[in-house]
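**Student:** Sharing a sequence plus its predicted fold:
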Amino acid sequence: MRWLALVASTLALAALTGCAPTTTYRYSAYAPAVRPIPFDGRTDPAGSLHFEGTATNSMVQENLAPQIHDTALFIPRWTVEGAVHLAISSHVELGVRAAYADYAWAQQSAVGTMPVPNAPASLGWGPELRLSFPLDEQQRVAIGIAGNVMSYQVPYAEWTLANNGVAATGNPPCSTSAATCDGYSLVDTKSESHWVYSVGVYPSYAFGDHGKYGHVFGLVDGTNGFANDGFTDQPSNGSTVTSVGPIWIVGGGYAIGYQWIKASALVYWPLTDRSSPVEYGPGMMFTIALNAPLWNREGESSD
């Protein structure tokens, strides 16, 4: 009966560690994480120049038993962002956002995801619009709307099965400078531009006169994510990265400010599952913002 116990132990170990299919080609890329726009649902007073920094933690549920044509991407566990907005009125802000995610912060979406050599970073930037409309005189209840379009440089790599035609373990990681990995040889690595859109609705409720004690807010956001042909026997001329979506995100948080500084914390959950190219878990977002008053239009409230 010992051999039965050995077989059972081997199967259990395989289930825990996962196994990737042995295909002729494997494609990988470092794609931006699916996340909402950092916004607490309230715009700044008219004439304010708004600076903010955000740190986002994203969780990916790793695919432990990928099949042929499943997605194999690296997704950043952490993303840092910076934004500058100008409040052209008390209800409208226009600005630009930039995002950065170092390759050292990557997590794989599936067992057997091949490295993207030379440790490239994920970079993105684009314009952003924010709107906020109070629904009562005390401005306790408000509806916020935010939208942006960002252009990302997405690094990708193509690997092919080596001459012996046998994968070693089916479970990298390997060195980011390696030309061979897990029985595969590096064919090419490049970067290409991809667009990410995001539109969200942010209802909020403020405590105290004009939000003196901060406000809670919710969100429903729609954005696009990415997929690729991670395990395939079909050659491709370049990247196999494609855009998928919309992916819906729900969440909520709390924001509080004093004079020229404001802070907010947000928890969110992309609505994905095991049938999605990448299955996301809950995420967290922390934002610090500074306001510099430039002008205040005559007759317009600064609240």
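**Tutor:** Ah, there it is.
**Student:** Please name the residues that touch residue 103.
**Tutor:** Contacts for residue 103 (CB atoms under 8 Å, 6 or more residues apart in numbering) come out as 30, 74, 116, 119, 120, 121, 122, 155, 176. Yep, even glycine has a C-beta here, placed from its N, CA and C like the rest.
**Student:** Between which two of those is the distance greatest?
**Tutor:** 122 and 176 (14.2 Å; CB to CB).
**Student:** quick one: which of these two has more around it?
**Tutor:** residue 122 (25 against 15; other CB atoms under 10 Å).
**Student:** contacts for stretch 82-97?
**Tutor:** 37-38, 43-54, 81, 98, 125-133, 148, 150, 294, 297, 300-303.
**Student:** just curious, which of the contacts of residue 103 is nearest to residue 202?
**Tutor:** Looking across those and measuring by CB to CB, the closest to residue 202 is residue 122, at 25.2 Å.
**Student:** mind listing what the closest one touches?
**Tutor:** 30-32, 76, 79, 99-101, 103, 152-155.
**Student:** JSON lines for those, including pLDDT and distance to residue 226?
**Tutor:** Formatted as JSON lines, these follow (pLDDT from 0 to 100; distance: CB to CB, whole Å):
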{"residue": "30", "pLDDT": "95", "distance to residue 226": "10"}
{"residue": "31", "pLDDT": "95", "distance to residue 226": "4"}
{"residue": "32", "pLDDT": "96", "distance to residue 226": "8"}
{"residue": "76", "pLDDT": "96", "distance to residue 226": "12"}
{"residue": "79", "pLDDT": "97", "distance to residue 226": "14"}
{"residue": "99", "pLDDT": "97", "distance to residue 226": "14"}
{"residue": "100", "pLDDT": "96", "distance to residue 226": "17"}
{"residue": "101", "pLDDT": "95", "distance to residue 226": "13"}
{"residue": "103", "pLDDT": "93", "distance to residue 226": "16"}
{"residue": "152", "pLDDT": "95", "distance to residue 226": "9"}
{"residue": "153", "pLDDT": "90", "distance to residue 226": "13"}
{"residue": "154", "pLDDT": "92", "distance to residue 226": "7"}
{"residue": "155", "pLDDT": "92", "distance to residue 226": "12"}
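**Student:** Which strand residues bridge residue 251?
**Tutor:** residue 219, residue 268 (DSSP bridges).
**Student:** okay, now it: neighbour count?
**Tutor:** 22.
**Student:** Give me the buried entries from the contacts of residue 103.
**Tutor:** Buried members of the contacts of residue 103, scored by 16 or more other CB atoms under 10 Å, are 30, 74, 116, 120, 121, 122, 155.
**Student:** And the pLDDT at the nearest residue to the fifth one once chain neighbours are set aside?
**Tutor:** Counting by CB to CB, 6 or more residues apart in numbering, residue 121 lies nearest to residue 102, which is 5.3 Å off, once chain neighbours are set aside. Residue 102 carries a pLDDT value of 94.
**Student:** Next: residue 11.
**Tutor:** Confidence score, pLDDT, at residue 11: 36.
**Student:** How about residue 90?
**Tutor:** For residue 90, pLDDT reads 90.
**Student:** Report the separation between it and residue 46.
**Tutor:** 5 Å (CB to CB, to the nearest Å).
**Student:** for residue 218, same thing?
**Tutor:** 25 Å.
**Student:** Name the residue in those two with the higher neighbour count.
**Tutor:** Applying other CB under 10 Å to residue 218 and residue 46 shows that residue 46 carries more neighbours, namely 22 against 17.
**Student:** Would you double-check that the more buried one falls in a helix?
**Tutor:** No. Counting by DSSP: H, G, I helix; E, B strand; the rest coil, one finds residue 46 to be coil, located in no helix.
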